[in-house]
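Q: compute the structure for the input listed below.
(one chain, ligands or ions: 1)
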Amino acid sequence: MSDQMVFDDLLHEEREFPPLAAFAEKAALRDESLHRAGAADPVKFWEEQARELEWFAPWKQVLEWNPPHAKWFTGARINISHNCLDRHLKTWRRNKAAIIWEGENYEFRTLTYQQLHVEVCKFANAMKALGVTKGTRVALYMPMIPEAAVAMLACARIGAIHSIVFGGFSPESLSDRINDAQAELLITADGGWRRGNIVALKNEADKALETCPSIKNVIIVKRGHADTFHLKVKEGRDHWYHRIMDGASSDCPAEQLDAEDPLYILYTSGTTGKPKGIVHTTGGYSVGTYVTSKYVFDIRDEDVYWCTADVGWVTGHSYIVYGPLQCGATILMYEGAPNHPENDRFWEIIARHRVSIFYTAPTAIRAFMKWGDHLPAKHDLSSLRLLGSVGEPINPEAWMWYHEHIGRGNCPIVDTWWQTETGAIMITTLPGVNTTKPGYAGIAFPGIQATILDEQGKEVTQGSGLLAITHPWPSMLRTIWGDDERYVNTYFSKWDKSVYFPGDGAKRDDKGNFMILGRVDDVLNVSGHRIGTMEVESALVDHPLVVEAAVVGRKHDLKGQAIVAFVTLKSGAMMNREVIAELKQHVVTKIGAIARPEDIILAADLPKTRSGKIMRRLLRDIAEGRALGDTTTLADPSVVEMVREQYEEKYGD
Ligand code: WT7
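A: Residues are numbered from 1 along each chain as shown. Predicted coordinates:
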């Protein structure tokens, strides 16, 4: 049977993969005891799990729930940097590798828990010397280097609130986020390697800082390339990391924070043009990331754990840094691209460091498939024992390929559904416990209550509906920075104000496994990254030639979704290759390369309802070449035909 036939069959047969005996034998969890405990009493379940961490003072109450606002472990005192570091120093783990780092240019560094602790304490003191204290917002715009983790843990240690901005975002995106959070310190680097080039982060940051009056200080990590870029160091404001670390003391006891003190803000796209600053607090987030890391990844002391995300995304926060380090894991951190110098760099890394747990995204897996089976086959991947997937639905073909060509049939795959807002994994299989079906993420993690509702809030048992979380959980977002009303409206207003609305469609099989069907709002998922259609539209209409823009997603083999923009131009303006290139570049400049539209289509007019709302559904149908749905509510039905003709002229076969 050819591979293709196997995949085709799969879609009909729904093959099942029960836990592998060899894996389950040694797994931390082999039965459904935790699922049962979590279902019986989620609050008690989380309380029991929380006891595995070190608290400076106990909680008075586990959960205070005034829907839609939750407080977890009220009255308790804790510090996540203490649980990531100090807790392990008392054990043999003191000299265990915490971070094994590989630079794209083949530089290597390893930091033991002890060394990481010293680095974090010194950096925390260095920040204090610059006036950073509990509650100060600190922005990070960094490459994937150990100092990114150091900076996060140092902020956490003193109660400063970090806000990481992915290094691929534009200066304008950076400055918007800095200004929204009113950050006082920016930590960046002279540069970082990406696909053989150096991304000059500090130079980009300097452009952002022209419009960031709240920033008092900038710390620059020297990755070694400053000379190349005519890097400017602004006297009094800019400080080299290595210089301020020089005299810093390594004595910095962790601040005994309230469980509900904010830990970080992380911006994510929503349905308006303005990204939301998701706020996570200390105690509940510690518990959620710790427990999920322990059971979903089954982390053991001898593992080398590699999550390929960037610290700029929530996956990097929860499953590169906070979760695994609380578990005392050895994490691998890689700076660069998967295809540099060749398309087999990841397999080379797994073989070199004997990686045993590998967590990546479907978009990457689909790229590996395209690059060819011979590449992983060239490398010794026998150290792998568990694989993970996150960011978007993994199609069964990609699941099977991952299983066969990377896991060699010997590794369970955990398909983990969660969000920036949830802080930690919510739906997944547990590798020693649950049967996995390709395409299905699995069931709710112990202590999590998930279901599917219709628009009216009625439970859906047959077919698809809207995913809903019906009970609060420790690592949930607490609010949107500076905009609690938006928090309430976005997440807790769809149904009852105690039910969380994640914005995803889903369906269930007869065993209760969830298949996640993707976003149901105006948010795209491009290569596992969330991009708001409104953000891209605002970027486009910002261009002097554009009058109006409507952005939709269309299916894309590698990226999952690609961005399609329909634009109307000022009268007299012509659409040609140069203008298209210019508009694409304009979006990149405004937002960042991840938001670059795939197609730009001139539309003489956009299809609107009689009340003036752009009908994206129709545009999606056009972009995906489908038969057009109901157009009876349209103000002018001929508009659709016209747009379709224009699209097909350009992109049809
Ligand atoms: C959205 C959240 C959570 C870290 C990465 C993305 C989609 C995420 C899965 C999955 C199907 C998934 C959802 C979700 N998503 N994981 N395993 N299966 N869809 O975080 O940027 O906050 O995006 O990503 O649509 O709502 P994010």
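Q: from here on, just use CA atoms for contacts and neighbour counts.
A: Fine.
Q: in the chain, which helix or strand is least confident?
A: Across the helices and strands of the chain, mean confidence by mean pLDDT, DSSP states H and E is lowest for helix 3-13: a mean of 43.
Q: now do the next helix or strand after that one: distance to the chain's middle.
A: Downstream of helix 3-13, the next assigned helix or strand under DSSP states H and E is helix 21-26. Distance of helix 21-26 from the chain centroid (C-alpha atoms, centre = their mean, to the nearest Å) equals 30 Å.
Q: other SSEs contacting the helix or strand just after helix 21-26?
A: Remark: after helix 21-26, the chain's next helix or strand is helix 33-40, criterion DSSP H and E. Applying 3 or more C-alpha pairs under 8 Å, 6 or more residues apart in numbering; DSSP states H and E, we find helix 33-40 packed against helix 42-50.
Q: list of residues touching the helix it packs on?
A: Residues lying outside helix 42-50 but in contact with it, judged by C-alpha atoms under 8 Å, 6 or more residues apart in numbering, are L34, A37, G38, V62, L63, V287, V291, P446, G447, I448, P474.
Q: how about the helices in the stretch 201-350 of the chain?
A: Using DSSP state H, counting those that start in this stretch, the helices of the stretch 201-350 of the chain run over 201-209, 241-246, 282-296, 314-316, 323-326, 345-353.
Q: tabulate these (JSON lines), appending mean pLDDT and mean neighbour count.
A: Listed next are those as JSON lines, based on pLDDT from 0 to 100; neighbours: other C-alpha atoms under 10 Å:
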{"stretch": "helix 201-209", "mean pLDDT": "97", "mean neighbour count": "20"}
{"stretch": "helix 241-246", "mean pLDDT": "97", "mean neighbour count": "15"}
{"stretch": "helix 282-296", "mean pLDDT": "98", "mean neighbour count": "25"}
{"stretch": "helix 314-316", "mean pLDDT": "98", "mean neighbour count": "22"}
{"stretch": "helix 323-326", "mean pLDDT": "98", "mean neighbour count": "26"}
{"stretch": "helix 345-353", "mean pLDDT": "98", "mean neighbour count": "18"}
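Q: tell me which of these sits nearest to the ligand.
A: Among the helices of the stretch 201-350 of the chain, the nearest to the ligand by C-alpha to the nearest ligand atom is helix 314-316 (4.9 Å).
Q: tell me the gap between the closest one and the middle of its chain.
A: Chain-centre distance of helix 314-316: 4 Å, with C-alpha atoms, centre = their mean.
Q: that helix vs the ligand: in contact?
A: Yes - applying C-alpha under 6 Å from any ligand atom, one finds helix 314-316 touching the ligand at V314, T315.
Q: residues of the protein that sit close to the ligand?
A: Applying C-alpha under 6 Å from any ligand atom, one finds that the chain approaches the ligand through 314-315, 390-393, 415-420, 441, 504, 516, 518-519, 528-530.
Q: which among those residues end up buried?
A: In these, burial by neighbour count holds for 314-315, 390-393, 415-420, 441, 504, 516, 519, 528-530, counting by 16 or more other C-alpha atoms under 10 Å.
Q: start to end distance for stretch 35-51?
A: Taking C-alpha to C-alpha, to the nearest Å, stretch 35-51 runs 18 Å from one end to the other.
Q: pLDDT averaged over it - what is it?
A: Per-residue pLDDT over stretch 35-51 has a mean of 98.
Q: show me the buried ones among the residues of the chain next to the ligand that map onto strands.
A: Members of those lying in strands (criterion: DSSP state E): V390, D415, T416, D504, I516, R519, H529, R530.
Q: ok, which pair from those is furthest apart?
A: Among those, the pair separated by the greatest distance (C-alpha to C-alpha) is D415 and R530, at 17.8 Å.
Q: isn't W193 right up against E104?
A: Yes - applying C-alpha atoms under 8 Å, one finds W193 in contact with E104, separated by 6.0 Å.
Q: spit out the residues that contact the two alike.
A: Common contact partners of W193 and E104 (C-alpha under 8 Å, 6+ apart): E335, G336.
Q: from P324, how far out is Y295?
A: Going from Y295 to P324 by C-alpha to C-alpha gives 11 Å.
Q: same thing with Y491?
A: According to C-alpha to C-alpha, Y491 stands 28 Å off from P324.
Q: likewise for P446?
A: Counting by C-alpha to C-alpha, the gap from P446 to P324 is 18 Å.
Q: just A97 next, same as before
A: A97 is 12 Å from P324, by C-alpha to C-alpha.
Q: same question for K497.
A: On the measure of C-alpha to C-alpha, K497 and P324 end up 33 Å apart.
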